[in-house]
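Trainee: The sequence and its predicted three-dimensional model are supplied below.
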Amino acid sequence: MGKLGGVISAMLTPFVSDVGPVDYEWIPGYMRFLEESGLHGVLALGTTGEGPSMSVSERERTLDMIIEHRGGLFVLAGTGSASLTDTIALSRSAVDRGADAVLVMPPFYIKQPSEAGVIGYYRALCDALPADARVMLYNIPQVTGVTITPAIIDGLLQSHEGQIYGLKDSSGNWDNSKMLIERYPQLHVYTGSDKLISQALAGGAAGAITALSSAFPRVARAVYDAHHTGDPAAAQARLTALRGLVDPLNTPPALKAALTWTSDLPETSVRLPLVAMPDADAAKLREGYEQLMG
């Protein structure tokens, strides 16, 4: 398996309604849109993709559709769940289905678990997977309430170095990402922040796994291309400004609204507890986007 680098979409999951099933027929067109926009890979069923709002069977069937229509994209699977048993089941299923790696958030239902407990959680997962499975840690403490600390990483590398492939840092803190890149050269570290793509690539990150690339993939890819030509400032400034338009809004509803005018895909729904973005906010977002794009 090759290196999983570049710009990776934290892709959206389509629902028929806010209480309805996954709109599986919507997925092939979305995969074509992301691939044709120049992305390198996708993260399926992460936080932007509302994975934790879905059942195990829904997540498995959705991943099947994504892998079937992956084209030239590599596929990471978000498999973190409220229970360790579901996390193991989803991770084993994702590996068996051909996902290139699994991205696993720490347990998010216990307030401030001990580092020993988090290490034990990930060790139990790794023990249940094939020896060559790629496991990526997911640091998003503003959502999970749990920080992936160096002590946790050190403990996992001591016991399962062959399986711990990397880490997605969605803390939004460049100093933390920089520390991880420098301290763990054997790991593939990805930024989860649209605002930090240029800085992260320059600092040695393996790539970026970001929300905006799920609806604005060409804007995100432009930062990657500009990085390789040596002048990413303007492209990054545009993406950062676009992130600023989305920040006051709830991200998945905003991105699903945007897809109706950044692609030729039909409208799709979020799932409760998320609610659709008001029309006035959607119109304001579109106006801001069109001004940025000239």
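Mentor: Happy to help now that I have it. Numbering: from 1, shown residues only.
Trainee: Touching the helix or strand harbouring D96 from outside, list them.
Mentor: D96 is part of helix 84-97 when elements are defined by DSSP states H and E. Applying CB atoms under 8 Å, 6 or more residues apart in numbering, the contact partners of helix 84-97 are 56, 59-60, 63-64, 67, 77, 79-81, 102, 104, 107, 121, 124-125, 128-130, 133, 135. Every C-beta, even on glycine, is put in place using the N, C-alpha and C of the backbone.
Trainee: For this protein, give me the ranges with low pLDDT.
Mentor: 1 (pLDDT under 70).
Trainee: what's around T262, how many residues?
Mentor: Neighbour count for T262, taken as other CB atoms under 10 Å: 20.
Trainee: For it, give me its contacts.
Mentor: Here T262 is in contact with A215, F216, Y289 (criterion: CB under 8 Å, 6+ apart).
Trainee: Roughly how far does it sit from R183?
Mentor: Counting by CB to CB, to the nearest Å, the separation of T262 from R183 is 37 Å.
Trainee: Quick one: the helices in the chain, in order.
Mentor: Residue ranges of the helices in the chain, as given by DSSP state H, are 27-36, 56-68, 84-97, 115-127, 141-144, 150-160, 174-183, 197-202, 217-229, 233-246, 251-262, 279-293.
Trainee: Could I get those helices in CSV, plus columns for distance to L12?
Mentor: Formatted as CSV, the helices of the chain follow (distance: least, CB to CB, whole Å):
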stretch, distance to L12
helix 27-36, 7
helix 56-68, 11
helix 84-97, 18
helix 115-127, 26
helix 141-144, 16
helix 150-160, 29
helix 174-183, 24
helix 197-202, 19
helix 217-229, 12
helix 233-246, 13
helix 251-262, 6
helix 279-293, 15
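Trainee: Y109: how many residues sit nearby?
Mentor: Around Y109 sit 11 other residues, with neighbours defined as other CB under 10 Å.
Trainee: Indicate which one of the helices of the chain is closest to A44.
Mentor: A44 sits nearest to helix 56-68 of all the helices of the chain, at 4.9 Å, using CB to CB.
Trainee: roughly how far is the closest one from the heart of the chain?
Mentor: 16 Å (CA atoms, centre = their mean, to the nearest Å).
Trainee: Would you mind putting the CA coordinates of it into CSV?
Mentor: In CSV, the C-alpha atoms belonging to helix 56-68 read as follows (Å, rounded to 0.1, in the frame of the first residue of the first chain):
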residue,chain,number,x,y,z
VAL,A,56,-23.2,-0.1,12.3
SER,A,57,-25.1,-1.6,9.4
GLU,A,58,-25.6,1.8,7.8
ARG,A,59,-21.9,2.7,8.1
GLU,A,60,-20.9,-0.7,6.5
ARG,A,61,-23.3,-0.3,3.6
THR,A,62,-22.2,3.3,3.0
LEU,A,63,-18.6,2.3,3.0
ASP,A,64,-19.3,-0.4,0.5
MET,A,65,-20.8,2.2,-1.9
ILE,A,66,-17.9,4.5,-1.4
ILE,A,67,-15.3,1.8,-2.0
GLU,A,68,-17.2,0.6,-5.0
